[in-house]
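Chemist: Everything below, folded, please.
(2 chains)
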Amino acid sequence: MDNSATTKPCPEAIAAANEMMLRFWGNPSSTHAKGNEAAQKLREARRSVASAISAAPEEIFFTSGGTEANNIAVFGAAAKNRRAGRRIVTSAIEHSSVLDSVSELEKQGFEVIRLMPDIHGHIPPEAVAEAVNSDTVLITMMMVNNEVGSILPIEHAVKAARRKAPKAIVHCDCVQAFGKIPVNVKKLGADMITLSAHKIASPKGCGALYKRKGLHIPSLTFGGHQEDSFRPGTEAAPLIAAFGAAAAIACDKTGMSKRYSTVKTLRDYTIEKLGKINGIVFNSPDDALPYIVNFSTRCVKAETMLNFLSERGIYVSGGSACAKGEPSHVIKALDLPRDAADSAIRVSFSAGNTTDEVDALAEAVAEGINKLAHFAY
Amino acid sequence: MNEIILIKNGELALKGLNRRSFEETLVKNIQKAAAPFGGVKVWRSQSTMFVTPLEGTDIEDAVEAISKVFGIAALSRAAEVPKDMDAILPAVCEYLSEELQDAKTFKVNAKRADKKFPLKSPDICAQTGEYLLQRFPHLTVDVHEPDLVVTVEIRDTSAYIHKQPIKGAGGLPVGTGGRACVMISGGIDSPVASWMMAKRGLELSAVNFASPPYTSMRAEEKVKDLLGKVAQWSGEIKLHIVPFTEIQEAIRDYCPEDMLTIIMRRYMIKIAQMIARKDGALALISGESVGQVASQTLRALECTDAAADMPILRPVIGMDKEEIVSIARKIDTFEISILPFEDCCTVFTPKHPKTKPILEKILEAEKALEADEINVAAMIEHAVNDTVSTVITPDR
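Modeler: Sure, this is the predicted structure:
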């Protein structure tokens, strides 16, 4: 039940990666037949990932994962707009690959506005509109928060940017949304979008950055002409092929909505079961992406509960990084009471989870509370 | 040209009649340290040890490993040449060519252990100096603060050429002082304390207390990683991991909250001693430093010491955190120590611990644990019996 951390690779993705290693192992840049067949497979994967978000293939740039894509987007946008202004608008609950990147830019002289969420991880749309001014060069905001599942008002960010800061680039980290709810670049209107492969049943080590056609972003690394020289280096062909295969499955409309309703049922069941345990509070909002349920026992430290559940074969994650009582930046930003912050647990589903597993989770959490909760930790 | 390592013993020379056994231990330790890199041959002559890398051993690796062997004051990489000035002079130019080019000033130092060698030390210096000045005209001689000291040693079988030696690890050879058992939690201080005692010639074993689910496997891995770093200096360390949850929960449930830490430490010491004895250790090692936390005040140390009947060595007792950290950085344990996993010492930390515990009150509080229905003695026995031991080898 830790599918927001990573997912089990699906057979189709494994088969695609295997095929690239066993048969199409040529360098896609080579012009001979062995290279061409690999390049052909790469094109297929690019088309698949592109169509998963209604983008054009040439708008997809493969990276080593979400972190790299976020770095390229943030630093690339800043490099492009260095002279256009100095304000960057983001939220306080972004992934660390965005937050640490904008902090670095802050040291270089940019002004960073980090919008604070409410107690459930909502960023008020009017706060976004207010924060964006004509000096704004970059707005970077995730679609779905990875710890509590709240959905961020990215469409308001786009509107505010277009109205008040025509030069601003809007970047959206869609790692947690991709494959779970429709991500359509045309409807979203963002200039850049980050995707990750291993969250949609493909192997780790691969991601993609969508960059709107016609938007020029200076590249940050230099080398070969791969990925239009925007992200040079020999392509990770097996991983990219797997990503293509997984994206086709994850973003098939019928499949996606079927999984969504399965997970929604599981989520509702989880809230019902856990809700019966005395003292438990839910940190995820009611309108969160149902794939993520964040709750606090308010009496057992998250790390202890995690170890306890792990011993019983139940794998969840700390809504916090559990750093000796130090909650994560997201949990801190929610401004929860201390006991809730220290005990925040994230359950994240895949459609493969079952109500039996939820029963086992609820039972184990109750047992953990009985055994482990004594005086304040 | 053969390259070897010359080693000057540290305090060893002072050890009178024990010197021979100290040196034998040092030779063994040097051989052990270099073994993973292919091995070395060691022989002794007067106060110098000669280390020859065996076929296939990279001398850089051997120097790196030997620089962490305690009991060595200084070591030099040296070229071995025939005892003949016609061979020595060109060899100096070749062997130290880079250093001679980079230096602005130099001096020559001669050691004539073989008193039958035709030239006296000053003559060796003069001839070598003159030879170098001709070939490296940019150099000047500076006998007080030279950039480069060229040393020519004339020994019984060969002559050796080297530059300034590098500092050795100092201290005494591990194994010459008996064995002590370190109580290691995963923090910054205990690895440093272990290193310091190994430096004084002690062999190490280690005890760690695990309290799952309050502590995780990661905490255990962290302790192993820390000891792997220490073992680069101390050699192999036997690690005993004691299951401590039951005792820790009993203390939490039956003793006053503000005494938890002290009582827990006292039980840790009792258990560590039992394990240490089995291992043949004569003392415990702890990373306490006066005043650092509530359990490390003099009053608190009095209470913990009372649980022990073997000496507790506390080498960092008078050190500031910064001083401890600087050693931790030197021995590469700092970055591991600051990994944020809950360890046995941070579980159930009371909000307001007693900083001046009174021993009688602590003993009184512990009586609750001795009651039949709790039977802490049986818990201790379980903990010792269920202890899992592994041997930690130097991390490469």
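
Chemist: B:Glu288 - that's part of a strand, no?
Modeler: No. Going by DSSP: H, G, I helix; E, B strand; the rest coil, the assignment for B:Glu288 is coil, not a strand.

Chemist: so who does it touch?
Modeler: Going by Cβ atoms under 8 Å, 6 or more residues apart in numbering or on different chains, B:Glu288 touches B:Asp189, B:Ser295, B:Gln296, B:Leu301, B:Arg314, B:Val316, B:Ile317. For every residue, glycine as well, the C-beta is placed using N, CA and C.

Chemist: Was I right to think A:Cys206 contacts A:Ala236?
Modeler: Yes. Counting by Cβ atoms under 8 Å, A:Cys206 does reach A:Ala236; the two are 5.8 Å apart.

Chemist: With neighbour numbers in mind, choose between the two.
Modeler: A:Cys206 (30 against 20; other Cβ atoms under 10 Å in any protein chain shown).

Chemist: quick one: contacts for that one?
Modeler: A:Phe62, A:Thr63, A:Ser64, A:Gly65, A:Ser196, A:Ala197, A:His198, A:Ala236, A:Leu239, A:Ile240, A:Ala242, A:Phe243 are the contacts of A:Cys206 under Cβ under 8 Å, 6+ apart.

Chemist: Just give me the closest of those residues to A:His122.
Modeler: Closest to A:His122 out of the contacts of A:Cys206 is A:Ser196 (23.4 Å), distances taken as Cβ to Cβ.

Chemist: what sits against the residue nearest to B:Asp320 when sequence neighbours are not counted?
Modeler: Leaving aside its sequence neighbours, B:Asp320 sits nearest to B:Ser289 (Cβ to Cβ, 6 or more residues apart in numbering or on different chains; 7.9 Å). Taking Cβ under 8 Å, 6+ apart, we find B:Ser289 in contact with B:Asp189, B:Gln296, B:Arg314, B:Val316, B:Ile317, B:Gly318, B:Met319, B:Asp320, B:Lys321, B:Ile324.

Chemist: which parts of stretch B:110-125 are buried?
Modeler: B:Ala110, B:Arg112, B:Phe117, B:Leu119, B:Ile124, B:Cys125 (16 or more other Cβ atoms under 10 Å in any protein chain shown).

Chemist: Sorry, slip of the keys, the one I care about is stretch B:55-69.
Modeler: B:Thr57, B:Ile59, B:Ala62, B:Val63, B:Ala65, B:Ile66, B:Ser67, B:Lys68, B:Val69.

Chemist: Look up the pLDDT of the last one for me, please.
Modeler: The one in question is B:Val69. Looking at B:Val69, its pLDDT is 96.

Chemist: mind putting the contacts of A:Cys206 in TSV, distance to chain B included?
Modeler: Converted to TSV, the contacts of A:Cys206 look like this (distance: Cβ to the nearest Cβ, whole Å):
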residue	distance to chain B
A:Phe62	32
A:Thr63	28
A:Ser64	24
A:Gly65	23
A:Ser196	24
A:Ala197	26
A:His198	21
A:Ala236	29
A:Leu239	27
A:Ile240	32
A:Ala242	29
A:Phe243	30
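
Chemist: Just the ones in strands from the residues you listed, please.
Modeler: When DSSP state E is applied, those are split such that A:Phe62, A:Thr63, A:Ser196 fall in strands.

Chemist: Quick check: which ranges of the stretch 151-300 of chain B have low pLDDT?
Modeler: Counting by pLDDT under 70, not a single residue of the stretch 151-300 of chain B qualifies.

Chemist: What residues does it have near chain A?
Modeler: Contacts of the stretch 151-300 of chain B with chain A, taken as Cβ under 8 Å from any Cβ of the partner chain, map to B:Pro212, B:Pro213, B:Tyr214, B:Thr215, B:Ser216, B:Arg252, B:Asp253, B:Glu257.

Chemist: Neighbour-wise, which one of the residues you listed leads?
Modeler: Within those, B:Thr215 tops the neighbour count with 29 neighbours, counted by other Cβ under 10 Å.

Chemist: List the contacts of that residue.
Modeler: Contacts for B:Thr215 (Cβ under 8 Å, 6+ apart) come out as A:Asn307, B:Phe341, B:Glu342, B:Asp343, B:Cys344, B:Val347.

Chemist: Can you pull the phi/psi pair for A:Pro218?
Modeler: Main-chain dihedrals, A:Pro218, degrees, to the nearest 10: phi -60, psi 140.

Chemist: Now it: closest residue in space that isn't a chain neighbour?
Modeler: A:Ala79 (4.8 Å).

Chemist: What degree of burial does that neighbour show, as a neighbour count?
Modeler: Neighbours of A:Ala79 under the rule other Cβ under 10 Å: 13.

Chemist: From the domain annotation, what segments belong to each domain of chain A?
Modeler: A:11-250, A:253-376 (automatic domain parsing).

Chemist: Export the ones you listed to JSON lines and append columns for mean pLDDT.
Modeler: JSON lines is the format used below for those (pLDDT from 0 to 100):
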{"stretch": "domain A:11-250", "mean pLDDT": "96"}
{"stretch": "domain A:253-376", "mean pLDDT": "91"}
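
Chemist: Output those as CSV; include the columns distance to B:Arg44.
Modeler: As requested, the domains of chain A are exported to CSV (distance: least, Cβ to Cβ, whole Å):
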stretch, distance to B:Arg44
domain A:11-250, 54
domain A:253-376, 50
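
Chemist: quick one, what contacts the residue of the stretch 51-200 of chain A found nearest chain B?
Modeler: Closest to chain B within the stretch 51-200 of chain A is A:Ser96: 14.5 Å, counting by Cβ to the nearest Cβ. By Cβ under 8 Å, 6+ apart, the residues touching A:Ser96 are A:His329.

Chemist: try 10 Å
Modeler: Shown in contact with A:Ser96 (Cβ atoms under 10 Å, 6 or more residues apart in numbering or on different chains): A:Thr67, A:Asn70, A:Ser103, A:Ala321, A:Ser328, A:His329, A:Val330.

Chemist: Report all helices and strands that the longest strand that chain A contains contacts.
Modeler: Secondary structure of chain A per DSSP E: the longest strand is strand A:136-142. Counting contacts by 3 or more Cβ pairs under 10 Å, 6 or more residues apart in numbering or on different chains; DSSP states H and E, strand A:136-142 packs against helix A:66-80, strand A:87-91, helix A:96-107, strand A:111-115, helix A:125-131, helix A:154-164, strand A:169-173, strand A:192-196.

Chemist: Tell me how far that strand lies from the chain's centre.
Modeler: 16 Å (Cα atoms, centre = their mean, to the nearest Å).

Chemist: What count of nearby residues applies to residue 187?
Modeler: Assuming you mean chain A. 11.

Chemist: was after chain B, sorry
Modeler: Around B:Gly187 there are 19 residues (other Cβ under 10 Å).

Chemist: Checking my notes, it in a strand, right?
Modeler: No. Using three-state DSSP, the assignment for B:Gly187 is coil, not a strand.

Chemist: if I look at it, how far off is B:Leu100?
Modeler: Going from B:Gly187 to B:Leu100 by Cβ to Cβ, to the nearest Å gives 48 Å.

Chemist: Tell me where the chain has helices.
Modeler: Looking at chain A here, since you left the chain open. Along chain A, counting by DSSP state H, helices occupy A:11-22, A:33-52, A:66-80, A:96-107, A:125-131, A:154-164, A:185-188, A:237-250, A:253-275, A:302-311, A:329-334, A:338-342, A:355-372.

Chemist: You answered for a different chain; I wanted chain B.
Modeler: Counting by DSSP H, the helices of chain B are B:19-34, B:59-66, B:85-95, B:97-102, B:121-135, B:189-199, B:217-234, B:245-254, B:260-278, B:298-305, B:321-330, B:334-337, B:359-370, B:376-385.
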